[in-house]
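*Asks:* Got a predicted model here, sequence first, then my questions.
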Amino acid sequence: MPPLAFILVGLATAFTAVTYEIGTFTRMGPGFVPMVLGSILILLGGLTLCRDRQSEPQTGIALRPFIAVTTGILFWALLVEFAGFLPGSAGLVLLTSLALPHTRWHSVLILATVLSVAGYLLFVLQLGVPLNAVG
Amino acid sequence: METLSYLAIGFEQALTPQALLFCLLGVSLGTFIGVLPGIGSLTTIALCLPLTFHLEPLPGLIMLAGIFYGAQYGSSTASILLNVPGSAPAAITCLDGYPMSQQGRAGIALFITTIASFIGGSFAILLLVFFAPILADFAISFSAADYFSIMILALTAASTLSVGSPLKGLTMVVLGLLLGLVGTDINSGQFRFTFGIPALADGINLVALAMGLFGVAEILNNLSNGNVPLASREDISLKNMLPSKQDWKAFRNACLRGSVIGSFIGMLPGTGPTIATFMAYAGEKKLSDTPEKFGKGAIEGISAPEAANNASVQAAFIPTLTLGVPGDAIMAVMLGGLLVHGITPGPQLVTTDAALFWGVVASFWIGNALLLVLNLPMIGLWVKLLSIPYRILFPSVLFLICIGVYSVNNSSVDVLLTLGFGLLGFFLNRFGYPSAPLLLGFVLGPLIEENFRRALVLSGSNLATFITRPISLVFLLMTLALLSFTFWRGSIRHLNNPSGVNP
């Protein structure tokens, strides 16, 4: 699967490069290097496809941690500027903690509180990251 | 003699209370995060990089470097006690360190690895002191064409000499080069691959990329494998750490050989600690009269790789600082940190910015001495850190990643990018694609394009400049030799990664 994806990315790069000015070999435009790299990527993808037919991942992908970590970070990134640092951070810790089975809720809640408050003191008040505590 | 007077200036710089404080802070932080299981040294560096942005160049650099080599000391602790390597080089230490721990010799293993790290590091710093000025003198005559060729060599070496398929390594390098193009083209002002996102106009944020590819991907990998590091309740004190006479004997020569191998490998462009430790281990096993002892707690099996690891880490500063060509992904992140501070590494750094350069070099020694103190009498404290369960550790690290990435540009887009790169790195690692070459390509990409153009301008648009300049020709021939060797012999399959950690 990845070799095919690389070939597609290579193609997309090369086609986008055409829309920039390519120039000539001795007088390169901004599209020149992307063109070359896109072509090399297509070539490498093709070579990998021929040499190495393994298309399955070497180890399986567990769905639970994948979803928990993704939603946790998404939650923080999308909400921290609107809802504030404290709810964003607490949400991140709660959501990502779901990645492991048998969640111990009381310790997760303690961790969420400690991290968001300590983080607020250190990063927002001390280091001056411009975020509100709430809202 | 000139070198000694420069070194004196360096110590003057590194012994100010402020520099000492940041050195101590750096090595302690490095050891602290390095000890935590399942968090590699690259994640550590990327995590701490934003913190150093607020500092002056010299203390910032001293702290960053301290975090780096401090993490190397720390990472062997988890390898020995828990069999969980924090990084690929530390995976080798697991091979004999963990059996020693099972035999109740954990204290001795920790003692040996700390001393080996110190000796390896010191040996390489000595080389750095004497070689860096010579190399810088030599490199001052390097032209754009020579830089272009040496960077191509570095990228080729990094992708083909790493563990696993060279083809996949090369693919990742090219992908990294492409990601390095994102942003405004400096020659024409054209936006390239920004997809209309204003946050991408200045290019992809290095911290976001490194945190995603290493921090987030590493955590996803640990969680997905279900091999969540277990907490340890080992009790170690200085008393049960002292090795016997027999241990010392096995240690001495192995440590020296490891230091030499590590320093040599570390100095080469494109080869990092992973290769150094693999080679040191393989070499010891071959030289030994009792190779059957390896993997069952041989002293040589932890001494040589640990010495090689730290030697290569310190020696890697030679090409990074004097040429501006980083040897591996971690050095690439260091280089990125330097650029943020407005420092362009290269031969002129050694001559015009002598106080800064020698200040950093002197701080290496101070830092290593501090680490010896931190790791021997206070080892019990670090070991206690291993009792922090992973279910507390990983949400905390993810939290630090989010706020750390955000704080660089105060940008939520960067955090989303981190997530994206984390998922990308995680999936590609699953298919055997290593992340380190991508990061190296990303940092070197813009430099390669710039030097390529400059070389053509200087030569009046004559492509032959790359083969008529002798230095450039030598590097290109080495690249060619490396490529043909790799594909001739097939991949270096015998360097199988024993723990499945991606370098």
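*Replies:* All right, it came through fine. Numbers count the residues shown, from 1 in each chain, chains lettered A, B, ... in the order given.
*Asks:* which strands and helices sit next to the strand or helix carrying B:A311?
*Replies:* Following DSSP states H and E, one finds B:A311 within helix B:299-315. On a contact count with 3 or more Cβ pairs under 8 Å, 6 or more residues apart in numbering or on different chains; DSSP states H and E, helix B:299-315 meets helix B:57-82, helix B:88-102, helix B:106-139, helix B:245-267, helix B:273-287. C-beta: built from backbone N, CA, C; applies to glycine.
*Asks:* Now with 10 Å, please.
*Replies:* Packing partners of helix B:299-315 (3 or more Cβ pairs under 10 Å, 6 or more residues apart in numbering or on different chains; DSSP states H and E): helix B:57-82, helix B:88-102, helix B:106-139, helix B:245-267, helix B:273-287, helix B:354-375.
*Asks:* could you give the angle of the fifth one to helix B:245-267?
*Replies:* With axes from the mean of the first three to the mean of the last three Cα atoms, to 10 degrees as the basis, helix B:273-287 and helix B:245-267 are set at 140 degrees to each other.
*Asks:* Now do stretch B:190-198: distance from first to last residue.
*Replies:* By Cα to Cα, to the nearest Å, the extent of stretch B:190-198 from end to end equals 13 Å.
*Asks:* For that stretch, which outside residues touch it?
*Replies:* A:12-13, A:16-17, A:19-21, A:29-31, A:33-34, B:178-179, B:181-185, B:200-204, B:411, B:413, B:416-417 (Cβ atoms under 10 Å, 6 or more residues apart in numbering or on different chains).
*Asks:* Take the helices and strands packed on helix B:299-315 and write them to a markdown table, including mean neighbour count and mean pLDDT.
*Replies:* Listed next are these as a markdown table, based on neighbours: other Cβ atoms under 10 Å in any protein chain shown; pLDDT from 0 to 100:
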| stretch | mean neighbour count | mean pLDDT |
| --- | --- | --- |
| helix B:57-82 | 27 | 85 |
| helix B:88-102 | 25 | 81 |
| helix B:106-139 | 22 | 88 |
| helix B:245-267 | 21 | 88 |
| helix B:273-287 | 24 | 84 |
| helix B:354-375 | 22 | 89 |
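*Asks:* need those in CSV with distance to chain A, can you?
*Replies:* Shown next, in CSV, are the helices and strands packed on helix B:299-315 (distance: least, Cβ to the nearest Cβ, whole Å):
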stretch, distance to chain A
helix B:57-82, 14
helix B:88-102, 16
helix B:106-139, 25
helix B:245-267, 26
helix B:273-287, 19
helix B:354-375, 23
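*Asks:* For B:F11, find the nearest of those helices.
*Replies:* The minimum distance between B:F11 and those falls on helix B:354-375, with 4.5 Å, by Cβ to Cβ.
*Asks:* Which one of the helices and strands packed on helix B:299-315 lies nearest to B:P166?
*Replies:* helix B:273-287 (12.9 Å).
*Asks:* orientation of the closest one relative to helix B:106-139 in degrees?
*Replies:* Using the same axes, to 10 degrees: helix B:273-287 against helix B:106-139 is 120 degrees.
*Asks:* Next, the angle from helix B:273-287 to helix B:57-82.
*Replies:* 50 degrees.
*Asks:* Restricting to C-alpha, output helix B:273-287 in CSV.
*Replies:* This file holds the C-alpha atoms of helix B:273-287, laid out as CSV (Å, rounded to 0.1, in the frame of the first residue of the first chain):
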residue,chain,number,x,y,z
PRO,B,273,24.7,6.3,17.2
THR,B,274,22.5,3.4,16.0
ILE,B,275,25.1,2.1,13.6
ALA,B,276,27.9,2.8,16.1
THR,B,277,26.3,0.7,18.8
PHE,B,278,25.5,-2.1,16.4
MET,B,279,29.0,-2.2,15.1
ALA,B,280,30.6,-2.0,18.6
TYR,B,281,28.4,-4.9,19.8
ALA,B,282,29.1,-7.0,16.7
GLY,B,283,32.8,-6.3,17.0
GLU,B,284,33.0,-7.3,20.7
LYS,B,285,31.2,-10.5,20.0
LYS,B,286,33.6,-11.4,17.1
LEU,B,287,36.7,-10.6,19.2
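*Asks:* Report the contact partners of B:L423.
*Replies:* Contacts of B:L423 by Cβ under 10 Å, 6+ apart are A:66, A:69-70, A:73, B:212, B:216-217, B:220.
*Asks:* ok so, going back, buried set for the following helix or strand past the helix holding B:A311?
*Replies:* Going down the chain from helix B:299-315, the next helix or strand is helix B:317-322, by DSSP H and E. Neighbour counts over helix B:317-322 (16 or more other Cβ atoms under 10 Å in any protein chain shown) mark B:317-322 as buried.
*Asks:* Break chain A into its domains for me.
*Replies:* A:2-51, A:63-126 (automatic domain parsing).
*Asks:* quick one, which of these is nearest to B:S263?
*Replies:* Between the domains of chain A, domain A:2-51 lies closest to B:S263; by Cβ to Cβ that is 33.0 Å.
*Asks:* what's the model's confidence in the closest one, averaged?
*Replies:* For domain A:2-51, the mean pLDDT works out to 84.
*Asks:* now do the same end-to-end measure for it.
*Replies:* End to end - Cα to Cα - domain A:2-51 spans 13 Å.
*Asks:* next one: phi and psi at B:P291?
*Replies:* phi -60, psi -20 (degrees, to the nearest 10).
*Asks:* List the contacts of the nearest residue to it once chain neighbours are set aside.
*Replies:* Distances taken as Cβ to Cβ, 6 or more residues apart in numbering or on different chains place B:K285 nearest to B:P291, at 5.1 Å, with adjacent residues excluded. Residues counted as contacts of B:K285 (Cβ under 10 Å, 6+ apart) are B:95, B:291-295, B:298, B:300-301, B:304.
*Asks:* Now the buried members of the contacts of B:L423.
*Replies:* Counted by 16+ other Cβ under 10 Å, the contacts of B:L423 give A:66, A:69-70, A:73, B:212, B:216-217, B:220 as buried.
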